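>>> Fold the following and give me the result.
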Amino acid sequence: MKATEAKLLDFLRKSPQFVIPIYQRTYSWTEKECKQLWDDILRTGSNDDISAHFIGSIVYIEKGIYQVSSQSPLLVIDGQQRLTTVTLLIAALSRALDQLDEEKREPLDGFSPRKLRNYYLLNPEEEGERHYKLILSQTDKDSLTSIVGSREQPKEYSLRVMENFKLFESWIAGCKDDLMPLCKGLAKLVVVDIALNRDQDNPQLIFESMNSTGKELSQADLIRNYILMGLEPQLQTRLYEQFWRPMEVDFGQEAYSDQFDGFMRHYLTVKTGEIPRIGEVYEAFKVHASSTKTAYAGVEALVADIQTFSRYFCAMALGKEKDPNLKLAFNDLRELRVDVAYPFLLELYYDYATGILSREDFVAAVRLIESYVFRRAICSIPTNSMNKTFATFSRYLKKDHYLKSIQVHFFQLPSYRRFPNDEEFQRELKIRDIYNFRSRSYWIRRLENYGRKERVQVDEYTIEHIMPQNENLPTAWETELGIEWKRIHETWLHTLGNLTLTGYNSEYSDRAFTEKRDIPGGFKESPLKLNKGLGQLDRWNEETIKERASRLAEIALNVWAMPKLTTDTLEAYRPKATASGYTIEDHPYLLTGTVHELFEAFRKEVLALDPCVTEEYLKLYVAYKAETNFVDVVPQAKRLILSLNLPFSDINDPRGLCKDVSDVGCWGNGDVKVGLGSLNELPYVIGLVRQSFEHQMGNGGY
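Predicted coordinates:
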């Protein structure tokens with residue numbers, strides 16, 4: 001490695017060409033990063049006391065991909081974003097200077113339009129791609145060469161390249177011909193020029209360790225580089241063009257930037273059964289890629305598998321599904337914004353694509369997920385347990401009876417993972433404020449279109465409060481509602497019974513109910529199913545609101561249906577209990593004295609954590625389980641030793657009672673050990689146990 005400090009413009013001028021390898025991310029700087037660079041340049045150029053401004057390093061491999069001579073292109077490992085941004089700025093500056101009077105076209109020596117182009121943008125004596133100083137990859141390449149070469153943009157142009165070029169054009173125009181500070185600032189930019197030796201330096205390790213300025217690399221950027229960077233150029237190019245580039249195209253420029261990281265997280269969850277932390281997807285991927293099974297299959301099988309699952313993700317999450325019934329189901333699910341369901345959905349899609357799961361059962365499974373999520377939202381059940389619910393769902397599938405096993409598992413989910421039953425769902429739906437529900441157009445569209453073949457486009461209508469929203473109700477409405485009008489208004493205003501759809505919102509305004517009913521286009525004439533029955537009513541009050549809510553809630557039970565299963569079916573799928581054969585009698589310390597009293601108090605608190613908690617006596621300890629053991633109790637003569645089943649780094653223990661036993665052999669399950677020796681310690685220790693329980697149930701969010 002050779003590292004030297006250099007003025008950026010000198011570095012650009014002396015270098016024959018920079019080529020961005022195919023494994024690098026596309027150009028991704030936003031207005032935020034461009035504005036920071038612009039401000040730094042102007043600040044530096046406006047102050048003669050500032051001699052230089054450092055903008056980071058440019059890391060490249062000498063004798064890049066062409067292996068020609070000392071004039072070979074330089075393969076850029078780090079610095080693409082800065083090189084591209086400065087190139088766009090210089091291109092915009094050269095165009096602006098071209099528009100000035102001849103005597104003003106070179107505000108600073110070396111900054112005429114011709115010199116800017118021939119020194120920093122072009123190789124004037126070369127042809128073809130060698131004509132350009134900077135060659136980007138894929139879509140970005142054609143857009144940048146079109147700008148630098150003053151040609152029309154390609155049909156599929158790079159959004160980022162064009163947006164940032166136009167930004168610089170507008171900012172330069174705002175300088176009102178005073179371009180001296182800009183030119184001076186550009187002349188003061190300094191970089192560290194780092195040249196690598198292909199035979200001696202490891203580009204991947206250097207790439208990972210760089211603390212570059214500008215926009216941070218995404219997890220997906222790191223993953224792509226990890227896969228492709230170390231390969232022979234021919235294989236690298238083939239894998240990129242055959243697998244990775246099609247993924248970028250399928251996602252599209254904006255979605256690739258916004259959602260590819262999320263997809264990779266879902267993919268790893270499917271493959272490993274573990275949910276990577278948001279900022280640790282790359283590290284989790286390296287572990288997966290180096291696992292025996294994955295490594296044996298080879299890098300081509302790995303990248304092909306990623307592409308396969310990315311197609312499924314694009315179909316579900318980006319609206320690219322071709323089958324109309326699946327497309328509609330995915331669209332409805334997307335409106336609920338349930339990213340946590342994608343790992344399970346990816347596995348379902350794989351089985352659908354490979355013929356294991358039928359299309360009809362796949363649609364039914366997606367609708368079950370939709371019902372599960374919506375019912376829980378209406379019943380205000382916390383969402384933070386759903387990550388593990390979906391991440392571990394596939395463990396309970398019986399693929400010879402695919403849909404039935406999904407229905408059974410949903411039905412049997414315990415406690416705050418539960419699938420709310422019809423009674424709970426109806427009760428909450430009738431009284432909940434659903435006007436301010438995060439996806440109000442979703443639920444009202446689903447209700448209106450249930451059973452319709454000719455679907456109503458709900459976005460062409462507005463939501464109407466039959467009883468008006470006005471805080472100060474008109475006198476006619478106070479009379480209509482009766483003596484308790486204020487309570488009725490506060491209680492039922494935003495609830496199911498009082499909400500409907502209309503195309504006549506402005507005409508309805510806060511008119512009395514009978515006027516809303518009888519005006520042209522009123523409830524009597526409405527073709528909408530949600531308005532059925534309103535045209536036959538003479539009054540609108542608490543009783544009619546509740547009656548309508550009950551009727552709509554009955555329909556909702558079919559829209560967001562719960563699995564209907566017989567007792568025999570549930571029994572057939574219920575896990576068979578395995579009796580350990582041990583009882584409390586096998587633990588003599590628990591039978592008498594202080595430890596007996598302590599244990600009884602402890603078990604009472606633990607079993608009260610949740611109805612799903614079970615107790616099992618084993619040979620060496622007593623286990624308390626939700627999905628599996630979350631705390632195990634090892635009885636001793638004078639105290640209880642507890643094993644908590646969660647990573648030591650995740651325990652919040654301000655008193656410092658817990659010990660890390662991850663590398664120590666001990667009875668029980670988990671990395672955390674804590675002692676319980678008195679009733680005074682019980683409340684604090686139960687707080688620790690609760691953390692282990694909630695960790696298992698997924699209360700860490702997604």
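>>> Break down the stretch 151-300 of the chain into its helices, ranges please.
Taking DSSP state H, counting those that start in this stretch as the test, the helices found in the stretch 151-300 of the chain are 159-173, 180-187, 203-209, 219-228, 233-239, 245-251, 253-272, 281-290, 292-297, 299-317.
>>> same deal with the stretch 351-500 of the chain?
Along the stretch 351-500 of the chain, counting by DSSP H, counting those that start in this stretch, helices occupy 359-378, 386-391, 402-412, 422-431, 440-449, 475-481, 485-492.
>>> now those helices as a markdown table including mean pLDDT and distance to residue 527?
(Each C-beta comes from the backbone N, C-alpha and C, glycine too.) Shown next, in a markdown table, are the helices of the stretch 351-500 of the chain (pLDDT from 0 to 100; distance: least, C-beta to C-beta, whole Å):
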| stretch | mean pLDDT | distance to residue 527 |
| --- | --- | --- |
| helix 359-378 | 96 | 26 |
| helix 386-391 | 85 | 38 |
| helix 402-412 | 92 | 35 |
| helix 422-431 | 96 | 24 |
| helix 440-449 | 92 | 11 |
| helix 475-481 | 91 | 26 |
| helix 485-492 | 94 | 26 |
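>>> And these: which comes nearest residue 75?
Residue 75 lies closest, by C-beta to C-beta, to one member of those: helix 386-391, at 39.5 Å.
>>> got the CA positions of the closest one in CSV?
Output in CSV follows, covering the C-alpha atoms of helix 386-391 (Å, rounded to 0.1, in the frame of the first residue of the first chain):
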residue,chain,number,x,y,z
MET,A,386,-44.8,-10.7,16.2
ASN,A,387,-41.2,-10.8,15.1
LYS,A,388,-40.5,-14.1,16.7
THR,A,389,-44.0,-15.3,16.0
PHE,A,390,-43.3,-15.1,12.2
ALA,A,391,-39.6,-15.9,12.4
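>>> neighbouring contacts of that helix?
269, 273-275, 338, 340-344, 373, 376, 413, 417, 627, 696-698, 700-702 (C-beta atoms under 8 Å, 6 or more residues apart in numbering).
>>> Buried among these? Make that a ChimeraX selection.
Provided next is the ChimeraX selection string for whichever of the contacts of helix 386-391 are buried by 16 or more other C-beta atoms under 10 Å:
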select :269,275,338,340,341,342,343,344,373,376,413,417,696,697,698,700,702
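>>> just the strands in the protein please.
2-7, 18-19, 53-61, 74-78, 134-135, 189-196, 462-465, 499-502, 614-617, 622-625, 629-635, 640-644, 659-660, 672-676 (DSSP state E).
>>> Remind me what the third one packs against, helices and strands.
By that I understand strand 53-61. helix 31-45, strand 74-78, helix 80-98, strand 189-196, helix 203-209 (3 or more C-beta pairs under 8 Å, 6 or more residues apart in numbering; DSSP states H and E).
>>> For the shortest one, name the packing helices and strands.
When contacts are defined as 3+ C-beta pairs under 8 Å, 6+ apart, strand 74-78 sits against strand 18-19, strand 53-61, helix 203-209.
>>> Check the offset of stretch 684-693 from the chain's centre.
30 Å (C-alpha atoms, centre = their mean, to the nearest Å).
>>> what do you get for stretch 472-487?
Distance, centroid of stretch 472-487 to centroid of chain: 46 Å (C-alpha atoms, centre = their mean).
>>> gap between the two ends of it?
Using C-alpha to C-alpha, to the nearest Å, one end of stretch 472-487 lies 13 Å from the other.
>>> With mean pLDDT and distance to residue 330 added, can I get the helices and strands packed on strand 53-61 in TSV?
Output for the helices and strands packed on strand 53-61, formatted as TSV (pLDDT from 0 to 100; distance: least, C-beta to C-beta, whole Å):
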stretch	mean pLDDT	distance to residue 330
helix 31-45	94	32
strand 74-78	86	38
helix 80-98	94	34
strand 189-196	88	45
helix 203-209	56	36
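>>> which stretch among the ones you listed comes nearest residue 523?
helix 31-45 (48.9 Å).
>>> send the alpha carbons of that closest one over as PDB?
C-alpha atoms of helix 31-45 as PDB (Å, rounded to 0.1, in the frame of the first residue of the first chain):
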ATOM      1  CA  GLU A  31     -28.900  16.400  -1.300                       C
ATOM      2  CA  LYS A  32     -27.700  16.300   2.300                       C
ATOM      3  CA  GLU A  33     -24.200  15.000   1.400                       C
ATOM      4  CA  CYS A  34     -23.900  17.300  -1.600                       C
ATOM      5  CA  LYS A  35     -24.900  20.300   0.400                       C
ATOM      6  CA  GLN A  36     -22.300  19.500   3.000                       C
ATOM      7  CA  LEU A  37     -19.600  19.300   0.400                       C
ATOM      8  CA  TRP A  38     -20.900  22.500  -1.300                       C
ATOM      9  CA  ASP A  39     -20.800  24.500   1.900                       C
ATOM     10  CA  ASP A  40     -17.400  23.200   2.800                       C
ATOM     11  CA  ILE A  41     -16.000  24.200  -0.600                       C
ATOM     12  CA  LEU A  42     -17.500  27.700  -0.400                       C
ATOM     13  CA  ARG A  43     -16.400  28.200   3.200                       C
ATOM     14  CA  THR A  44     -12.800  27.200   2.300                       C
ATOM     15  CA  GLY A  45     -12.800  29.200  -0.900                       C
END
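>>> Which parts of that helix count as buried, going by neighbours?
33, 34, 37, 38, 40, 41, 42, 44, 45.
>>> Check stretch 275-294 too.
275, 276, 281, 282, 284, 285, 288, 294.
>>> cool, stretch 522-536 as well?
522, 523, 526, 528, 529, 530, 531, 534.
>>> Just give the closest residue to the last one, not the sequence neighbours.
Think residue 534. Using C-beta to C-beta, 6 or more residues apart in numbering and skipping the chain neighbours, the partner closest in space to residue 534 is residue 523 (3.9 Å).
>>> how about a markdown table for the buried residues of stretch 522-536, with pLDDT and distance to residue 471 added?
Listed next are the buried residues of stretch 522-536 as a markdown table, based on pLDDT from 0 to 100; distance: C-beta to C-beta, whole Å:
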| residue | pLDDT | distance to residue 471 |
| --- | --- | --- |
| 522 | 89 | 24 |
| 523 | 90 | 24 |
| 526 | 90 | 27 |
| 528 | 91 | 27 |
| 529 | 92 | 31 |
| 530 | 93 | 25 |
| 531 | 92 | 25 |
| 534 | 93 | 24 |
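>>> With respect to residue 265, which of those is nearest?
For those, the nearest to residue 265 is residue 530 (38.6 Å; C-beta to C-beta).
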